[in-house]
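Participant: structure for this input, please:
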Amino acid sequence: MRRGHCILSHGFESGPDATKVTALAQAAERLGWSTERPDYTDLDARRQVSEVGDVPARLQRLLDIAGAAAAAGNGPLVLAGSSLGAYVSALASLQVPVRGLFLMVPPLRMGPMPALDAAPVPTSVVHAWHDELIPAAGVIEWARARSARLLLVDDSHRLTAHVDTTARAFAELLESL
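Facilitator: Presented below is the predicted three-dimensional model:
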């Protein structure tokens, strides 16, 4: 029996088969959740829009996919993402009903886009103490203000040394729903 549906958004200059979103998909599927991994690589290649591609189009693509999943009756929806994928997942949660959020190394700002915000749903954040792009202090404060579950690891922005730890944290979030 399917427990719900997870949409897993990769980070900038990554892809739907990236190590972290693949590990999250495997963790979710073991627990009976269906998963979907949108491909944003075409939008990320639009460097003329910004240094990190077409962020508004990325957000819209996620909203379209999440809306279709909700309309299909796939059960409770959980959004998860890494870096830019976390950013658009959080913003999408303000427009599409979600049961939970899982954010890995979320940026607090993306140029002219709104500051990071999210629906008041169960939220887990994994961040790196030594993130070279997004200082941990701001993410700690963001998570504190929302009473989000926060896991800080001894790693850099890519979380390469903590893929399994991150997948376990995602599984814990899903089990708590």
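Participant: beta partners for the residue nearest to the spatial centre of the chain?
Facilitator: The chain has Gly81 as the residue nearest its centroid, 1.8 Å off, counting by CA atoms, centre = their mean. Gly81 has these beta-bridge partners by DSSP bridges: Ser9, Leu103.
Participant: wait, doesn't it sit right on Phe12?
Facilitator: No - Gly81 is beyond contact range of Phe12, at 10.8 Å (criterion: CB atoms under 8 Å). Every residue, glycine included, has its C-beta placed from N, CA and C.
Participant: what's the longest helix along the chain in contact with?
Facilitator: The longest helix of the chain (DSSP state H) is helix 55-71. Contact partners of helix 55-71, identified using CB atoms under 8 Å, 6 or more residues apart in numbering, comprise 5, 7, 9, 36, 38, 40, 43-44, 46, 49, 77, 79, 84, 87-89, 91-92, 95-98, 110-111, 113.
Participant: quick one: buried ones out of those residues?
Facilitator: Among those, those that count as buried by neighbour count (16 or more other CB atoms under 10 Å) are 5, 7, 9, 36, 38, 40, 43-44, 77, 79, 84, 87-89, 91-92, 96, 98, 110, 113.
Participant: okay, and which of those residues map to helices?
Facilitator: Among those, the members falling in helices (DSSP H) are 43-44, 84, 87-89, 91-92.
Participant: so which of those residues would you say is closest to Met104?
Facilitator: Of all those, Met104 sits closest to Ser89, with 9.7 Å by CB to CB.
Participant: many thanks, I have nothing further to ask.
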